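*Asks:* model this:
(chains A and B)
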Amino acid sequence: QKEVEQNSGPLSVPEGAIASLNCTYSDRGSQSFFWYRQYSGKSPELIMSIYSNGDKEDGRFTAQLNKASQYVSLLIRDSQPSDSATYLCAVNFILTGGGNKLTFGTGTQLKVEL
Amino acid sequence: DGGITQSPKYLFRKEGQNVTLSCEQNLNHDAMYWYRQDPGQGLRLIYYSQIVNDFQKGDIAEGYSVSREKKESFPLTVTSAQKNPTAFYLCASSINRDSHQPQHFGDGTRLSIL
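*Replies:* Numbering: from 1, shown residues only, chains lettered A, B, ... in the order given. Next comes the predicted model:
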């Protein structure tokens, strides 16, 4: 069973702080990793994708991937109240019989407090 | 604007009734997906389609059916055999099924039982 694990939170950070969201996955052979943001009652929105070990930065967001340890994280710098949402980690697993499957974690709820 | 359109936004089903959720995309994407989201759970894959006139079961296909007669359209029918249909249904698409291609979501349909 391919699994993606996230702490459900809520993770509370003060405005302006760095929020750190973590995700672990079960399959060492996974190649593609995505972070989605989901506001309450809305659909997921892609915010970051990462495929290689190391860091990838996009504005206030940094995705970090460590394939040896099987974890991927998302850092949000200068957190704003508008960042308050649930963040879903998604990992694309390669299937034994061919093809691939995107598996989602249950999400971490982030609350940015004034 | 390019995107994925789901309709209706809210849908109510009576006992023994089949209902169909619409999903249309104008992104020229080959692959389309249907997910179900329940509170506190990750997204679960119902069906997916890689090309026109072809579709595959996901993890929870029982009680659901789909068709892919046109590239742009991937409707989902929730049949009376689905005993617990109340959920948030999300349609997604990607350029193709390559594992590096991210999936993008429509706004979702909330289905409830009357």
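
*Asks:* and the spatially most central residue of chain B, what pLDDT?
*Replies:* Nearest to the mean C-alpha position of chain B, by CA atoms, centre = their mean, lies residue B:34 at 2.8 Å. Per-residue confidence (pLDDT) for residue B:34: 97.

*Asks:* was I right about it contacting residue B:74?
*Replies:* Yes: counting by CB atoms under 8 Å, residue B:34 does reach residue B:74; the two are 7.1 Å apart. Using the backbone N, CA and C atoms, a C-beta is placed for each residue, glycine as well.

*Asks:* Find the residues that touch each one of these two.
*Replies:* Counting by CB atoms under 8 Å, 6 or more residues apart in numbering or on different chains, the common neighbours of residue B:34 and residue B:74 are B:23, B:66, B:91.

*Asks:* need the longest strand for chain A.
*Replies:* Using DSSP state E, we find that the single longest strand of chain A is strand A:85-94.

*Asks:* which residues are in contact with it?
*Replies:* A:2, A:4, A:6, A:21, A:23, A:25, A:27, A:29-40, A:44, A:72, A:74, A:100-110, B:42-43, B:99-100, B:103.

*Asks:* And for stretch B:53-64?
*Replies:* By CB under 8 Å, 6+ apart, the residues outside stretch B:53-64 that reach it are B:33-34, B:36, B:44-50, B:66-69, B:74, B:76-79, B:81-83, B:85.

*Asks:* Selection in PyMOL covering whichever of these are buried, please.
*Replies:* A single PyMOL command selects the buried members of the contacts of stretch B:53-64 (16 or more other CB atoms under 10 Å in any protein chain shown):
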select buried, chain B and resi 33+34+36+44+45+46+47+48+49+66+68+74+76+78+82+85
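
*Asks:* Give me the subset of the contacts of stretch B:53-64 lying in strands.
*Replies:* Filtering the contacts of stretch B:53-64 for membership in strands, criterion DSSP E, returns B:33-34, B:36, B:44-50, B:66, B:76-78.

*Asks:* Out of the residues you listed, the closest to chain A would be?
*Replies:* residue B:45 (7.1 Å; CB to the nearest CB).

*Asks:* pLDDT wise, what is the closest one at?
*Replies:* pLDDT for residue B:45: 95.

*Asks:* Mind listing the residues bridging to it?
*Replies:* Note on residue B:45: beta-bridge partners by DSSP bridges are residue B:35.

*Asks:* Run through the residues that contact it.
*Replies:* A:101-102, B:33-35, B:58-60.

*Asks:* Poorly predicted segments of chain B, please.
*Replies:* Within chain B, the stretches with pLDDT under 70 are B:1.

*Asks:* What parts of it come near chain A?
*Replies:* B:40-43, B:45, B:90, B:97, B:99-100, B:102-108 (CB under 8 Å from any CB of the partner chain).
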